[in-house]
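In: mind looking at a prediction? Sequence and model below.
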Amino acid sequence: MVIIRGLGSLGLERRLGEQTGETQQFAVTETVANALYWFIFLLFLPAVLSTLELEGTLQPVQQLLNQVLSMLPNIFGAVLIGGAGWLIAQVVRRIVTNLVAATGADQMGQKFGLNQSQQSLSVITGTLVYVLILIPTAIAALNALKIEAISQPAISMLTQILNAIPQIFTAVAILGIAYVIGQFVSEILTNVLTGIGFNNIFQWLGMGSIVNQAPPNTQSTTSRTPAEVLGVVAWVGIMLFGAIAATNVLQIPALTQIISALTVVAGQVIYGLIVFAIGLYLANLAFSIISSSGNRQAKIVGQAARISIIALVTAMALQQMGIASDIVNLAFGLLLGAIAVAIALAFGLGGRDIAAEQVRSWLASFQDSDKTGDKVDQTTNPTTSTNPTDNY
């Protein structure tokens, strides 16, 4: 009761809250009072047991009291070091947070999505400084406690964390630099592609009618142009390379392998899309050239050529993407075989009579052309010699 009233009159908890900037009151007074209460109770417990002549219970209690008394200096030293370090960390965090906020760093942090009051750049920086001060403080407090069973594993863990902090800062710096470079490259690439008319790529590939026929309600106000999409792809690629470098610095092989595999898969997908786009352009170009010939069957032949090229390029693109190459090859071969068999059956069985008539008409046209050629030769050369040798 004396401790509670004495410390309460001094306003210790309120002063600690003012120094650290915390609105929540600390239960320091009750904690100290309860500790002293149980310590005094433990001091009188051997005397009580001795008066009751409970020797069997007195000896372990006396040994416990001796161990506690021998550890009191270590406990007081550890508590003093931990409390002082915690108080210093709180004050330093408050100072660093205010200084970073005064430099206007929070506005720069908004570009990275740190626009909330609890996630501002100044708060994050202050928290990092707070942790950097607390880790050495905890190590010093555990060393002062001198309890090997507790201090050795805890100190080992905290030491590893403290040693990893430079690597973590380096990895974060690499990711930050990659983000800035990616944004810069993305903006430049988007502007260059927009200037050369890359946004008309759907018209180049013959897909302009499909895009124009899309329902108006499906196009959102935040839809990106093809140039912007390619800029985002470039930004993602740079971030992936930055993530690989960051994981190498952190020395986490498993994470490095995962990100490297993602990068390889992304490159294969992009390469496959490029192959498919080139094939689609060539298919539409072939259709346009064949259709412009003016024959009656030009559109049918052109459409068949376009479908054939698209099927071939689709198989090539899927193979470049690494999507089950054996299955793609087998499916492509089966498709061509099925088309060949279908044409053979339709032409040989179902259209046998028509095919025969068509062949007769071809032969007749060839014969007529030969007769016409002979008549033309005789007309152009009317004089012939009566000598067989001359005619020969």
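Out: Now that the structure is in, tell me what you want to look at.
In: which residues of the stretch 151-300 of the chain score low on pLDDT?
Out: Within the stretch 151-300 of the chain, the stretches with pLDDT under 70 are 204-222, 294-297.
In: please, where are all the helices along it?
Out: Using DSSP state H, counting those that start in this stretch, the helices of the stretch 151-300 of the chain run over 201-204, 208-212, 226-250, 253-291, 298-321.
In: can you add distance to I133 and give those helices back as a markdown table?
Out: Placement of C-beta: from N, CA and C, glycine included. Converted to a markdown table, the helices of the stretch 151-300 of the chain look like this (distance: least, Cβ to Cβ, whole Å):
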| stretch | distance to I133 |
| --- | --- |
| helix 201-204 | 55 |
| helix 208-212 | 58 |
| helix 226-250 | 23 |
| helix 253-291 | 29 |
| helix 298-321 | 51 |
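In: of the ones you listed, which is nearest V180?
Out: With Cβ to Cβ as the criterion, V180 lies closest to helix 226-250 of those, at 9.7 Å.
In: once you drop chain neighbours, what's closest to F39?
Out: Closest residue to F39 apart from its sequence neighbours, by Cβ to Cβ, 6 or more residues apart in numbering: V68 at 8.0 Å.
In: any idea of the pLDDT on the one you found?
Out: The score at V68 is 76. That number is its pLDDT.
In: how close does it get to A245?
Out: Using Cβ to Cβ, to the nearest Å, one gets 53 Å for the distance from V68 to A245.
In: count of residues packed around the residue nearest to F39?
Out: A count of neighbours around V68, defined by other Cβ atoms under 10 Å, yields 13.
In: do the same with G279
Out: Using other Cβ under 10 Å, G279 is surrounded by 20 other residues.
In: can I assume it is in contact with I307?
Out: No - in this structure, G279 is not within contact of I307 by Cβ atoms under 8 Å, at 11.8 Å.
In: that older thread, surely the residue nearest to F39 and L43 touch.
Out: No - counting by Cβ under 8 Å, V68 sits too far from L43 to count as a contact (9.5 Å).
In: closest one to I3 among the helices of the stretch 151-300 of the chain?
Out: helix 226-250 (48.4 Å).
In: give the other helices and strands that the closest one contacts.
Out: If contacts are counted by 3 or more Cβ pairs under 8 Å, 6 or more residues apart in numbering; DSSP states H and E, helix 226-250 sits against helix 148-195, helix 253-291.
In: ok, and what's touching that helix?
Out: For helix 226-250, contacts defined as Cβ atoms under 8 Å, 6 or more residues apart in numbering pick out 164, 167-168, 170-172, 174-175, 177-179, 181-183, 185-187, 189-191, 193-194, 198-199, 201-202, 224, 255-256, 259-260, 262-263, 266, 270.
In: from these, which would you call buried?
Out: Taking 16 or more other Cβ atoms under 10 Å as the criterion, what is buried in those is 171, 174, 178-179, 182, 186, 189-190, 193, 198, 201, 256, 259-260, 263.
In: which of those residues sit farthest apart?
Out: A171 and I201 (37.0 Å).
In: ok, so what distance separates G126 from A171?
Out: To A171, G126 is 21 Å away according to Cβ to Cβ.
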